[in-house]
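**Q** fold the stuff below for me.
(3 chains)
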Amino acid sequence: MPVFPSDPYGFLTQWFNNLLLHQGLPETTVRLISFAVGSLILVLGSLLFCLLLIWAERKIGGRVQDRLGPNRVGPYGIVQAVADMMKIFTKEFVTPAGVDKVVYNLAPVLSVAAVIMIWAVIPFTITFFGTDLNVGVLYIVAVGGLAEMGIVMAGWGSNNKFALLGAFRAVAQLISYEVPMVVALLLPVMLSGSMKLSEIVRSQDVWYIITAPVAAAIFFITSLAENGRAPFDLMEAESEIVAGFNVEYSGLKFGFFFVGDFLHAFTIALLFSVLFLGGWRGPAADQIPILGFFYLGIKTAIVYFFGLLVRFSLPRFRIDQMMNLNWKMLTPLSLGILIATALVDKGSANLLSSMAPTARLIVRSIILVLANVLVVWSFSDIFDVALGKRPRPVVALEPRPVARPEQPPTPTEGGTP
Amino acid sequence: MILQIFFLIVALVTLVSAFLVVTARGLMHSALWLVLALFGVAVLFAFLEASFFAVVQVLVYIGAIAILIIFAVMLTRRTKDDSGARLIKGWWVAMLASLALFAGLVVAMSTWPGFQIGPGAGPDPAILPQFGMDLVDPNKYAIPFEVASILLLAALVGAIYIAAGRKEGKG
Amino acid sequence: MLNDWLYIGIFMVLSLFLPAAALVIAGILGPKKPSPIKNSTYECGIETVGDTWVQFKAQYYVYALVFLIFDVETIFLYPWALAYNQMTFFMIMEAVIFILILLGGLIYAIRKGVLEWQ
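**A** Next up, the predicted model:
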């Protein structure tokens, strides 16, 4: 019987189920109602948490850029996000002429829904999770595919060629960066033997960031690119003079793209903590589930903060630099690390089976770290060759003719070559 | 019983959106109805508890193939074009032929004993690791596994050839 | 397992329904004053000339194709990765050959210059 202070979620679910069962409802209806209430809590919780996230991001971003963030509305500007939300709710929906009504209106809803749906499979503590889908890792990637469709619908439904072009560029970036992400996600699955996220957390006696650091780095970088955060924020840059695929959206529709963006950033931090940092694991988290929630919160906050630092420090990539980085560096690296980890882990299994369990863990971690370092070192030469092959275009102008009084200037072709 | 109703609704949605793929106005609309039809198939996989195939359906079909089709549509057409007449001249012949095929399939499959039984206990959750083992088992599917990679390589080389040829053609 | 998918189904319906409800509320709350200038397509302040038509680069299609091929490759690798702990070394080598074949294809694509952004 879960006790309330140590396991509030388990306690509440059991109390709620007992309440419904005593009313005489059949088992399936009780399950349906408890599912509906549980998912309502998760969906509303994530959407409302986003307000806090927006405030945190603006405050931290301000401090990184040596200015105060919002600090007028409420103590330390905490109420700023609520004020913004109220403003956005009352803005007019300026719909351009000739849009396809269904597609145009469905796109922001789909973008937000695709991010919220990731929260259904994340294990927050040992008892608190939405559902323990046995293909959880692939489900997360598949939901990303739905987000891409949302962007295509937004770009096409706006009846605006700049929006369409921005949408295509955004989708090209997203699908390119999905390849190393899916391959890097293979490593936690391989090391733990299951695609269930709760099983991956449970098998992290040593955190996967230690046994698969390159995969963790690749996952982090590609998730930033999938989200469209700087330095990969070509999607929201002034790439085609306008704001990309969501140029024709106003009011809450634009607000939803914005909310989806910020929530996705936090979801990335959450996923990284679950997959690579051991999730809710920590001292005494098995017996006292609520401690696991705090551990996960701390780890996620650290990763999110790191993501924010990256966002506010690095300049934006050009699109060809971005594609080069992906296809020439990240994809071969991820495939290489997959091969190396598979071979090294299986090759050292014989050696390790003769050791004590703790020694086995330590030696295995050390061997895998060494394999990672070896792969990166061997690839670095190849990267120099592959990425440095393209000579930088000469941008200096030819010397311009200077007018001299005794020499009339000769007509040339003009300045830029 | 409730499961039957859900299944009928999802199947109806899939069939209607598949029909609308063919008859919708504008190519982009057809592509979007195709996405809905593929999603309906994914939901049907989920009904059969084939979780891996449900997510693979969404991931590969909707995330990659539908995007590819939409790009191909954009590559060859103007965006809001109506693309001419939607029904060819002898459309009633085609409809008769497909109805005849459907009737033939129903008759042929109704003699199959597997058609009559209801859904069983559902697949074992351990079927997926077993499938992984079988993929590389030399007695089972190792050769098709490697042949699949050669097939993918052939597709990749074909794509590169077309793309490189187009680049050189553009100069 | 069907319970899991029921939960996901309910979750999806809710996560589509709640933002849609918020949009409807915002539509009711906001002013509605459409005017011809407001409803015209945005083109940096200049009026739209001609139909909406986009010069589509073939490069997008190449990226989508290569993504599709690598996606299918990783789909083959996921069941293999699930059974990784029970495999012999020979089976690992088979999958490594699988990956190496496609890695070769990728290197060929890179050397051909197909994956450069034009």
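**Q** what's near enough to touch whichever residue of chain A sits closest to chain B?
**A** As assessed by C-beta to the nearest C-beta, chain B sits closest to residue A:145 within chain A, at 2.6 Å. C-betas here are computed from N, CA, C, even on glycine. If you count contacts by C-beta atoms under 8 Å, 6 or more residues apart in numbering or on different chains, residue A:145 has them with A:178, B:58, B:59, B:62, B:63, B:64.
**Q** now for the fourth one, how many residues are close by?
**A** Look at residue B:62: counted by other C-beta atoms under 10 Å in any protein chain shown, it has 22 neighbours.
**Q** that one contacts residue B:38, correct?
**A** Yes - between residue B:62 and residue B:38 there is a contact at 5.4 Å, judged by C-beta atoms under 8 Å.
**Q** related to what we said a few turns ago, where's the residue of chain A closest to chain B, which helix or strand?
**A** According to DSSP states H and E, residue A:145 maps onto helix A:136-157.
**Q** quick check: what element follows that helix along the chain?
**A** Using DSSP H and E, the next helix or strand after helix A:136-157 towards the C-terminus is helix A:161-192.
**Q** tell me how chain B divides into domains.
**A** What automatic domain parsing lists as the domains of chain B is B:1-84, B:125-171.
**Q** walk me through the domains of chain A.
**A** Per automatic domain parsing, the structural domains of chain A span A:7-90, A:91-317.
**Q** out of these, which one sits most buried?
**A** domain A:91-317 (a mean of 22; mean count of other C-beta atoms under 10 Å in any protein chain shown).
**Q** who are the neighbours of whichever strand or helix holds residue B:144, in terms of helices and strands?
**A** If you go by DSSP H and E, residue B:144 is part of helix B:142-170. For helix B:142-170, the elements it packs on are helix B:127-136, helix C:58-82, helix C:89-112, judged by 3 or more C-beta pairs under 8 Å, 6 or more residues apart in numbering or on different chains; DSSP states H and E.
**Q** how many neighbours does residue C:7 have?
**A** Neighbourhood size, residue C:7 [other C-beta under 10 Å]: 23.
**Q** please enumerate the helices of the stretch 151-300 of chain A.
**A** For the stretch 151-300 of chain A, helices defined by DSSP state H, counting those that start in this stretch occupy the ranges A:161-192, A:197-202, A:208-211, A:213-227, A:252-276, A:289-313.
**Q** redo those helices as JSON lines? Include distance to residue C:117 and mean pLDDT.
**A** Converted to JSON lines, the helices of the stretch 151-300 of chain A look like this (distance: least, C-beta to C-beta, whole Å; pLDDT from 0 to 100):
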{"stretch": "helix A:161-192", "distance to residue C:117": "9", "mean pLDDT": "88"}
{"stretch": "helix A:197-202", "distance to residue C:117": "35", "mean pLDDT": "90"}
{"stretch": "helix A:208-211", "distance to residue C:117": "32", "mean pLDDT": "88"}
{"stretch": "helix A:213-227", "distance to residue C:117": "14", "mean pLDDT": "91"}
{"stretch": "helix A:252-276", "distance to residue C:117": "24", "mean pLDDT": "90"}
{"stretch": "helix A:289-313", "distance to residue C:117": "23", "mean pLDDT": "90"}
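**Q** and the ones you listed as TSV, adding distance to chain C?
**A** What follows is the helices of the stretch 151-300 of chain A, written out as TSV (distance: least, C-beta to the nearest C-beta, whole Å):
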stretch	distance to chain C
helix A:161-192	4
helix A:197-202	10
helix A:208-211	13
helix A:213-227	12
helix A:252-276	4
helix A:289-313	20
